[in-house]
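Peer 1: kindly return the folded structure for what I paste below:
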Amino acid sequence: MVREKEIVSAKGYSDAVNHAFAFAAKHHDRQVRKGTKLPYFTQPANVAVILSRYACGESTVVAGILHDVVQDSIREGATPEMLQQRVGEKFGVEALSFLLAVTQRRLDDDGVELDSDEMKTDYLERLASAPRPALWVSAAEKVHNANSLLSDLRRTFDPDSVWSRTSGGRDATVKWYQDVLNRFTQVGFTEPITDELREAVTALGKY
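Peer 2: Prediction:
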């Protein structure tokens, strides 16, 4: 249960969320969504909307906004460690811990580089120890990504042109989302947002 004081204000303003948007916009500057001309910032913005719709706490929403900043937006002259420290200082260790728990890692605990399949396996394994707010972040990100893909498929006469921009194509993409859903069930995360994700994944499987 989210503590009442943690819930993002129904009035629509949170200083921490506002600053997280500004921070993410700066780090995602000039980035676009893969295979589209959409600003990358649309992704964290939509994740924030999804988490707020489910009345998630402020730290959870902030983690959702900043998730891909830490994963994919290291600016010139910085290191992942420097960026993580900066996020922790600006937004708190709680938000940082949530997003790190569901960030795909390129290196394992021993510093060994992971290939794409190993990164996915590592991600699924780490969901077992992720705090519940982090699972919300993971689910919201997957809900947005799956539905964004679904919207593009519904608008095109050539589904292959959409699937070609995903990692591994149609079968691998649908399997990945299904693997995440299965892992949520295994770790006991069966919140209503997983039903939303399941609906999107089922629809994707029909294309």
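Peer 1: need the contact partners of stretch 107-117.
Peer 2: Stretch 107-117 is contacted from outside by R105, R106, E118, D122, S167, using C-beta atoms under 8 Å, 6 or more residues apart in numbering. (Glycine included, C-beta is placed from N, CA and C.)
Peer 1: what helix or strand is the residue nearest to the spatial centre of the chain on?
Peer 2: For the chain, the residue nearest the mean C-alpha position is E141 (3.4 Å; C-alpha atoms, centre = their mean). Assigned by DSSP states H and E, E141 falls within helix 132-155.
Peer 1: pull the CA atoms of that helix into PDB?
Peer 2: Extracted in PDB, the C-alpha atoms of helix 132-155 (Å, rounded to 0.1, in the frame of the first residue of the first chain):
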ATOM      1  CA  ARG A 132       7.500  -3.500  -5.400                       C
ATOM      2  CA  PRO A 133       7.700   0.100  -6.700                       C
ATOM      3  CA  ALA A 134      10.400  -1.000  -9.100                       C
ATOM      4  CA  LEU A 135       8.100  -3.600 -10.500                       C
ATOM      5  CA  TRP A 136       5.500  -0.900 -11.100                       C
ATOM      6  CA  VAL A 137       8.200   1.000 -13.100                       C
ATOM      7  CA  SER A 138       9.000  -2.100 -15.100                       C
ATOM      8  CA  ALA A 139       5.400  -2.800 -15.800                       C
ATOM      9  CA  ALA A 140       4.500   0.800 -16.800                       C
ATOM     10  CA  GLU A 141       7.500   0.900 -19.200                       C
ATOM     11  CA  LYS A 142       6.400  -2.400 -20.800                       C
ATOM     12  CA  VAL A 143       2.800  -1.200 -21.100                       C
ATOM     13  CA  HIS A 144       3.900   2.000 -22.900                       C
ATOM     14  CA  ASN A 145       6.300   0.200 -25.200                       C
ATOM     15  CA  ALA A 146       3.900  -2.600 -26.100                       C
ATOM     16  CA  ASN A 147       1.000  -0.200 -26.700                       C
ATOM     17  CA  SER A 148       3.200   2.200 -28.700                       C
ATOM     18  CA  LEU A 149       4.200  -0.700 -30.900                       C
ATOM     19  CA  LEU A 150       0.600  -1.800 -31.200                       C
ATOM     20  CA  SER A 151      -0.500   1.700 -32.300                       C
ATOM     21  CA  ASP A 152       2.100   1.800 -35.000                       C
ATOM     22  CA  LEU A 153       1.100  -1.700 -36.300                       C
ATOM     23  CA  ARG A 154      -2.600  -0.600 -36.400                       C
ATOM     24  CA  ARG A 155      -1.700   2.400 -38.500                       C
END
